[in-house]
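**Q** can you look at this prediction? I've put the sequence above it.
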Amino acid sequence: MGSSFDWNSGIVFDNNITGFFNGFAQNSPFSPLGIHSESLPLPLPPSSSSSLVLDSEKGELVRAPAKVDKKGKSEAKTIAALKTHSEAERRRRERINSHLSTLRSLVPFTDKMDKASLLAEVINNVKELKRTTTEACKGYAIPMDVNEVKVEPHKDGVQGLLCIKVSVCCEDRPEIFADLRQVLETFDLKTVKAEMSTLGGRMKNVFIMSRCIIENIDNAEVHQQITRSVHQALTSILDKYSGPENLSPRLSHSDKRRRISLFDSSSSSS
DNA sequence: TTAGCCCCGCCTGGTTCCAT
DNA sequence: ATGGAACCAGGCGGGGCTAA
């Protein structure tokens, strides 16, 4: 590994030996100079313009001229960058811990849990919540989180009418509604009942559609055909609105995860 | 008491993404 | 192209816990 810098002593340590020297150096006025390379630069904290090196002849620390690395960066700049980096990392850790603590407050009996167990518990809780939500929503027109088109025979139809129940669950986009109506009208279907509900940016439309039974033809066959065609037509509408160009940014992903600020992290943790 | 284990925070180098 | 910001993994030390 590379080197580390001790802000108290202003000493750079080679990570290969920090395991041995860190505590020693932080708690004592001595440094590992005698053991590490004689030319090991020992920069002062960022405020300093030069660093200390061991003069092998004098056997003491002397100020060294500011060094320039391969990229032409001055040592002071490198040290400043390191400090910024470690501070940024600290903020990142704080952000993660803050969210973990929010999770802890949301899930009961997790006070004493370590982080990994906490996350496992949260996963279980979310799964359980999803399961119970799905269970509770059965029979209600509550939009679920997956796109869905369902076309099925409707049993409570009026005599002499073919009835089908059409339900479409998708992202809440008002313009879809017009498309749905337009498509349904092309099948010579009459709307008996329409129910629409939205929740959390999702919408569910349920239509009960009817069509007169025509005598002297196989109405069961017609029924099946309409069901298939309506399903196909509605599915293509959903496809149209959920194409790649319509994906919201949060659904697209790259190999590298980036921070997405949905809301201020400070407000989410309190 | 102590060795061993586990968890955690910290630092750092490398990498990737993004704005300029 | 470049620099800054963020992410990630690896290593290290400290502290708490437990069994021997």
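**A** Sure, I can see it.
**Q** the stretch 51-200 of chain A: helices as residue ranges?
**A** Remark: helices assigned in the stretch 51-200 of chain A by DSSP state H, counting those that start in this stretch are A:75-106, A:115-137, A:174-186.
**Q** just send those back as TSV, with mean pLDDT, mean neighbour count and distance to DNA strand C too.
**A** C-beta here means a position set from N, CA and C on the backbone, and glycine is covered the same way. Formatted as TSV, these follow (pLDDT from 0 to 100; neighbours: other Cβ atoms under 10 Å; distance: least, Cβ to the nearest atom of the strand, whole Å):
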stretch	mean pLDDT	mean neighbour count	distance to DNA strand C
helix A:75-106	80	14	5
helix A:115-137	86	12	12
helix A:174-186	83	14	34
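**Q** can you add distance to residue A:155 and give these back as CSV?
**A** Shown next, in CSV, are the helices of the stretch 51-200 of chain A (distance: least, Cβ to Cβ, whole Å):
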stretch, distance to residue A:155
helix A:75-106, 42
helix A:115-137, 21
helix A:174-186, 20
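**Q** go through those and name the closest to residue A:200.
**A** For those, proximity to residue A:200 was assessed by Cβ to Cβ; helix A:115-137 is nearest, at 11.1 Å.
**Q** quick one: contacts of the closest one?
**A** Residues outside helix A:115-137 that contact it (Cβ atoms under 8 Å, 6 or more residues apart in numbering) are A:100, A:103-104, A:106-107, A:110, A:113, A:144.
**Q** again, 7 Å this time
**A** Residues outside helix A:115-137 that contact it (Cβ atoms under 7 Å, 6 or more residues apart in numbering): A:100, A:103-104, A:107, A:110, A:113, A:144.
**Q** can you put the helices of the stretch 51-200 of chain A in a markdown table and add distance to DNA strand B?
**A** Listed next are these as a markdown table, based on distance: least, Cβ to the nearest atom of the strand, whole Å:
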| stretch | distance to DNA strand B |
| --- | --- |
| helix A:75-106 | 4 |
| helix A:115-137 | 4 |
| helix A:174-186 | 28 |
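**Q** below-threshold pLDDT in chain A: ranges please.
**A** A:1-75, A:156-159, A:216, A:243-270 (pLDDT under 70).
**Q** quick check: domain ranges of it?
**A** According to the TED database, chain A comprises the domains A:79-138, A:148-241.
**Q** which non-adjacent residue is nearest residue A:113?
**A** Closest residue to residue A:113 apart from its sequence neighbours, by Cβ to Cβ, 6 or more residues apart in numbering: residue A:121 at 6.5 Å.
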